[in-house]
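# what follows is a protein structure lacking sequence information:
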């Protein structure tokens, strides 16, 4: 059955049928994929679970205040001191702001700072369904008003609205990210195959898969409530390009081998797909299942990312096991020009770099794996210093956008918490008690009079610290403790700072719940694939060690090289899922080949032949995946830079050290016990093939 399925995309008629089907799919996909941006929800509160306290406050406060608004804090500054003309302009601007779409209520201010060098106006902006994109349009319109006839007066829009506007601009580099990622893939494929034509087929196939995946995700977001945001969109692009190209590399490598053994290219592809297909499918299934487990998250942004990226992986798998084989067979051997595989050509028996690595390890495998574990363990110690407690708004960017500049000016001349208050909603008859309790909370500098309507009251409390700072979030925690103690008040604390608190709490909960489940599920998949108990446990241990080392080095680089303030609260979970799932990929590619050879030559010899036969292609696959994630650094966002670096470094570490050195050394040392309790465990090594006695590794037989 598997052979028949593998032969379908590469058949003389089947290849044209497959190409035609994908062409038909591509037509509606092109139209729907372009609408994905319309279905994105980039509002922070929309990412939270429905039972988050800050979410409940938004819903309750809608009866009492303008629905779902955020403050745009307009800051003017002049180093020599503001003039009466500057104040007159700020007042005229405040009047002009009211005519901008989605600006609601009366602007507060302008207020002159105590030192007379800055002015501040607070404008309430309604968030429509476009989220950050809508805020960006409002801020752009306000900036056009503020910078007109400024006469040297500085103008900046800070606060949550300014953050949203700068965020959407930062994510606007998604188109450039796709281009950079594609160029990285092409460059690596050119170096790998030294063919100007062959890289075009994987790139074309990935492009088709990306369009199809984005179209499907749009349909789910528009009709099934899937939460998708800009963060999910750019990770989808990077992940699909990297993973799908890896599958292409494995398939092409095996296809090239089979072309030397089969005169008919259709038969060669059928055999190549039959041989490499199980490892590719198992790899994709592991990644997809790991990503789907993110649906257990309570943070909607993480929950939505899981199925969206899993869809990308599965569509990429489908394209690489159907469209890619069909295109390769349709093109013929000339696609490998200038080094076309020749039927009947014997593989040259020269020693490769992976042969030399294997022979070096085979002399003292136990010393090699023990030494590698010590080094990786030392690298992992750096993870103890990882600060993943979240970032303030101004620390979210690698550059300094206008919001960050405005926040610095505002902090210098005005009270840090001005303009972005804490919202507290309670029953009207308990408003006085709530107000008294709030006023006594350390970090609260003032509480306004309650606004009462229909038995509900809302109070606005001023923060001492900058609203997105750690100090402000601690104040919110204290405020919640204080008002929750008031019996019958049904008091809840919200606002932008409270949203950040709830986001961090949800991210911490998600890590504690999802990471153990991912480990268990991946372990079960490995057990089913390898039909063993020992091998999956050892492989999982190596991947966890690799993850720890990558996280440790990343933590040190973030702080001492990049000079970043910390990491997003969801960073550890996402880094874990990507590194563990993708790290297991390369172990699957290697160990399935080792298992195949072990049935013929014994485990210790198979460990060396498996490393020799897969070393080149797996290394190329790792470089491709690392390159695509490294492309994320093109976005001026701390989250993108940190996740991109951690995954890229982790993948290279896994490819070059863990898979080639640690796993090979463990396999040589453990021997046939790797496969316990399967039948392969009872297959003893051939005489003369134990570690250190194999000598030159023979060419892979192809059986």
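Looks like it came in fine. Treat the numbers as computed from the prediction; the structure is a model and nothing was measured.

# which residue is nearest the middle of the chain?
For the chain, the residue sitting closest to the mean C-alpha position, by Cα atoms, centre = their mean, is residue 235 at 4.8 Å.

# how much space between residue 651 and residue 142?
Taking Cβ to Cβ, to the nearest Å as the measure, residue 651 falls 43 Å from residue 142. C-beta: built from backbone N, CA, C; applies to glycine.

# so which of the two has more stuff around it?
Neighbour count, other Cβ atoms under 10 Å: between residue 651 and residue 142, residue 651 has more, with 30 against 25.

# and the host helix or strand of the more buried one, what does it pack against?
Residue 651 is located in helix 638-653, with elements delineated by DSSP states H and E. The contact analysis (3 or more Cβ pairs under 8 Å, 6 or more residues apart in numbering; DSSP states H and E) places helix 638-653 against helix 230-259, helix 534-560, helix 571-601, helix 603-630.

# mind listing the residues bridging to residue 462?
For residue 462, the beta-bridge partners are residue 446 (DSSP bridges).

# and the strands in the stretch 151-300 of the chain?
Counting by DSSP state E, counting those that start in this stretch, the stretch 151-300 of the chain has these strands, from start to end: 154-158.

# where in it is pLDDT low?
Counting by pLDDT under 70, the stretch 151-300 of the chain has low-confidence residues at 173-175.

# all helices for it, in order.
Under the criterion DSSP state H, counting those that start in this stretch, helices of the stretch 151-300 of the chain are mapped to 159-171, 174-193, 200-223, 230-259, 265-292, 300-331.

# got it, and the stretch 301-450 of the chain?
353-363, 365-380, 402-413, 431-439.

# re earlier: who wins for proximity to residue 79 among the helices and strands packed on helix 638-653?
helix 534-560 (32.8 Å; Cβ to Cβ).

# show me what that closest one is packed against.
Secondary-structure packing of helix 534-560 (3+ Cβ pairs under 8 Å, 6+ apart): helix 365-380, helix 496-530, helix 571-601, helix 638-653, helix 664-670.

# any idea which of the ones you listed scores lowest on pLDDT?
When the helices and strands packed on helix 534-560 are compared by mean pLDDT, helix 571-601 comes last with a mean of 86.

# report the buried residues of that one.
571-598, 601 (16 or more other Cβ atoms under 10 Å).

# run the angle between that helix and helix 638-653 for me.
20 degrees (axes from the mean of the first three to the mean of the last three Cα atoms, to 10 degrees).

# can I get the helices and strands packed on helix 638-653 in a markdown table with distance to residue 183?
Listed next are the helices and strands packed on helix 638-653 as a markdown table, based on distance: least, Cβ to Cβ, whole Å:
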| stretch | distance to residue 183 |
| --- | --- |
| helix 230-259 | 11 |
| helix 534-560 | 24 |
| helix 571-601 | 21 |
| helix 603-630 | 10 |
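
# mind checking the end-to-end distance for stretch 75-87?
Start-to-end span of stretch 75-87 (Cα to Cα, to the nearest Å) is 12 Å.

# could you check the pLDDT of residue 623?
Per the predicted model, pLDDT is 90 at residue 623.

# try residue 414
Looking at residue 414, its pLDDT stands at 86.

# against residue 152, how distant is residue 184?
Residue 184 sits 44 Å away from residue 152, taking Cβ to Cβ as the criterion.

# looking at the two now, which is surrounded by more residues?
A direct count of neighbours by other Cβ under 10 Å for residue 184 and residue 152 places residue 184 higher, at 22 against 8.

# surely the more buried one is in contact with residue 625?
No: taking contacts as Cβ atoms under 8 Å, residue 184 lies outside contact range of residue 625: 10.2 Å.

# ok so, going back, make TSV out of the helices of the stretch 151-300 of the chain and add distance to residue 136.
Shown next, in TSV, are these (distance: least, Cβ to Cβ, whole Å):
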stretch	distance to residue 136
helix 159-171	4
helix 174-193	14
helix 200-223	20
helix 230-259	12
helix 265-292	29
helix 300-331	19
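
# out of those helices, which comes closest to residue 376?
Among the helices of the stretch 151-300 of the chain, the nearest to residue 376 by Cβ to Cβ is helix 265-292 (21.5 Å).

# pull out the buried residues from the closest one.
Neighbour counts over helix 265-292 (16+ other Cβ under 10 Å) mark 265-266, 268-277, 279-280, 282-292 as buried.

# what is it packed up against?
Here helix 265-292 touches helix 2-7, helix 230-259, helix 300-331, helix 496-530, helix 571-601, going by 3+ Cβ pairs under 8 Å, 6+ apart.

# now the angle from it to helix 496-530?
Per the same axes, to 10 degrees, the angle that helix 265-292 makes with helix 496-530 is 140 degrees.

# quick one: low-confidence parts of the stretch 1-150 of the chain?
42-47, 50, 65-68, 128-131.

# the helices in it, which residues?
Going by DSSP H, counting those that start in this stretch, the stretch 1-150 of the chain shows helices at 2-7, 14-33, 36-39, 44-47, 53-61, 84-97, 132-147.

# one step back: relative to residue 79, which of the helices of the stretch 151-300 of the chain is closest?
Of all these, the one in closest proximity to residue 79, counting by Cβ to Cβ, is helix 159-171 (21.1 Å).

# now for the closest one, which elements pack on it?
Contact partners of helix 159-171 among helices and strands, from 3+ Cβ pairs under 8 Å, 6+ apart: strand 69-77, strand 118-126, helix 132-147, helix 230-259, helix 402-413, strand 417-427.

# between these, which one is closest to residue 93.
Nearest to residue 93, of the helices and strands packed on helix 159-171 and by Cβ to Cβ, is helix 132-147 at 5.4 Å.

# which residues does that closest one contact?
Here helix 132-147 makes contact (Cβ atoms under 8 Å, 6 or more residues apart in numbering) with 42-43, 70, 72, 74, 76, 93, 96-97, 100-103, 123, 125, 127-128, 155, 157, 161-162, 164-165, 167-169, 171, 230, 402.

# kindly recompute the last result at 7 Å.
Contact with helix 132-147 is made by 42-43, 72, 74, 93, 96-97, 100, 102-103, 125, 127-128, 155, 157, 161-162, 164-165, 167-169, as judged by Cβ atoms under 7 Å, 6 or more residues apart in numbering.

# likewise for stretch 75-83?
For stretch 75-83, the surrounding residues in contact (Cβ under 7 Å, 6+ apart) are 86, 90, 112, 116-120, 152-156, 158, 406, 409-410.

# so how far does it reach from one end to the other?
Using Cα to Cα, the distance between the terminal residues of stretch 75-83 is 15 Å.

# give the buried residues for that stretch.
When burial is assessed from 16+ other Cβ under 10 Å, stretch 75-83 yields the following buried residues: 75, 76, 77, 78, 82.

# count the neighbours of the residue nearest to residue 76 when sequence neighbours are not counted for me.
For residue 76, ignoring the flanking residues on the chain, the nearest one in space by Cβ to Cβ, 6 or more residues apart in numbering is residue 119 at 4.1 Å. For residue 119, the neighbour count with other Cβ under 10 Å is 27.

# got a list of what residue 119 touches?
Contacts of residue 119 by Cβ under 7 Å, 6+ apart are 76, 82, 86, 87, 90, 110, 111, 112.

# for residue 297, find the nearest of the helices and strands packed on helix 638-653.
The closest of the helices and strands packed on helix 638-653 to residue 297 is helix 571-601. By Cβ to Cβ, the value is 7.9 Å.

# and the angle for that closest one with helix 534-560?
140 degrees.

# who are the packing partners of helix 571-601?
If you count contacts as 3 or more Cβ pairs under 7 Å, 6 or more residues apart in numbering; DSSP states H and E, helix 571-601 packs onto helix 265-292, helix 496-530, helix 534-560, helix 603-630, helix 638-653.
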